[in-house]
Each structure stands twice: as C-alpha cells, then as structure tokens.
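[1] give me a 3D structure for the following:
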Amino acid sequence: METSNWKGQLAVTKVQARALEKGLIPSIPTMDCRYDLVLDDGNKLWRIQVKYANGKPFHSNGAVMAKLAYETRHRQHVYTYSDFEVDALIVYIPKLERLCWFPTNVFVGKKVLYIRLTPPVNGQNKKITLAENYFW
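    Now for the predicted structure:
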C-alpha cells in the first residue's frame, strides 16, 4: 500500500542511488531534523530535503506540486524552509521517473512548489519552474 511514508522513503532511496551514481556520499541524520540526507561531494556537505511530487495542482494540467509547509497540530504556526536549515531540495517526480535539484532561491519561504512537467502552451516563462531546467 502506497502511504505518504512509503512515497517519502522511495524518494529518499532514489536520491541515494543517484548520489552514488554521481560519486557523492549520502548520509542519513541519526536524529529528526529539517533535512532528510547529507550529501558529501568531497568539498561540501549538502543538507538535502527530499520530496515526492505526484500531486496535481487544481490550476494546471502540466504540473505537479510538492508540499513544503509544515503546520503545527492546531495550525497555530506554519513552518516553511529557510536557507539556514537546508542547502537544496531534491524532488522525485514519478510521472517522469526523474529527480530535480532545486537551489534555495527556488523554494525557501514557499508553502508549495509547483513544478511544470511541460512548457506552458501560452509560452509564459516568468515565474515558471520547469522540471527540465532542474533535472539532476
């Protein structure tokens, strides 16, 4: 049965495998924190948040969304990611069977990240997060 935990673990496993293919060393934090993995490229340790994106936004057919916000139990506060907590976001998109690496300037402070799978029909380019620009 595909639960959100199952999907999240699948995404982390895909990222670990890709990291190894790229010659990076993946490590998993031993305590709960705001990132899922640490990737060591030999020069820097990258704190990586991993998401599984298969949700369809109500306003677009050619996109998926990755939920980024965390709400407290009584919705007293909504937490988004800051660049002090994570260095990058890697999103697994099962529809494409691809991973996208997003730098902090793309997702920090956002509650949701909408990722276009195909270019918009109307040719709009501003404020569009096109998956192919971030393939990893």
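[2] roughly how far out does the helix ranked longest in the chain sit from the chain middle?
    Scanning the chain for the helix with the most residues, using DSSP state H, yields helix 4-21. Put simply, helix 4-21 sits 11 Å off its chain's centre (Cα atoms, centre = their mean, to the nearest Å).
[3] wait, residue 36 sits on residue 48?
    Yes - with contact defined as Cβ atoms under 8 Å, residue 36 counts as touching residue 48 (6.3 Å). Heads up, the C-betas are built off the backbone N, CA and C, glycines and all.
[4] which residues are in contact with each of those two?
    Common contacts of residue 36 and residue 48 (Cβ atoms under 8 Å, 6 or more residues apart in numbering): residue 15.
[5] next helix or strand past the longest helix of the chain?
    Using DSSP states H and E, the helix or strand that directly follows helix 4-21 along the chain is strand 25-27.
[6] what about the helices in this protein?
    Counting by DSSP H, the chain has helices at residues 4-21, 104-107.
[7] which stretch among these comes nearest residue 64?
    With Cβ to Cβ as the measure, helix 4-21 is the member of these nearest residue 64 (12.5 Å).
[8] which neighbouring elements make contact with that closest one?
    When contacts are defined as 3 or more Cβ pairs under 8 Å, 6 or more residues apart in numbering; DSSP states H and E, helix 4-21 sits against strand 25-27, strand 37-40, strand 45-52, strand 88-93, strand 98-103.
[9] from those strands, which stretch is densest packed?
    Stretch with highest mean neighbour count among those: strand 88-93 (a mean of 24; mean count of other Cβ atoms under 10 Å).
[10] what mean pLDDT would you report for that strand?
    Across strand 88-93, pLDDT averages out at 97.
[11] parallel or antiparallel, which strands does that strand pair with?
    Strand pairing for strand 88-93, determined by DSSP bridges: strand 45-52 (parallel), strand 98-103 (antiparallel).
[12] give the contact list for residue 70.
    If a contact means Cβ under 8 Å, 6+ apart, then residue 70 has 78-80 as its contacts.
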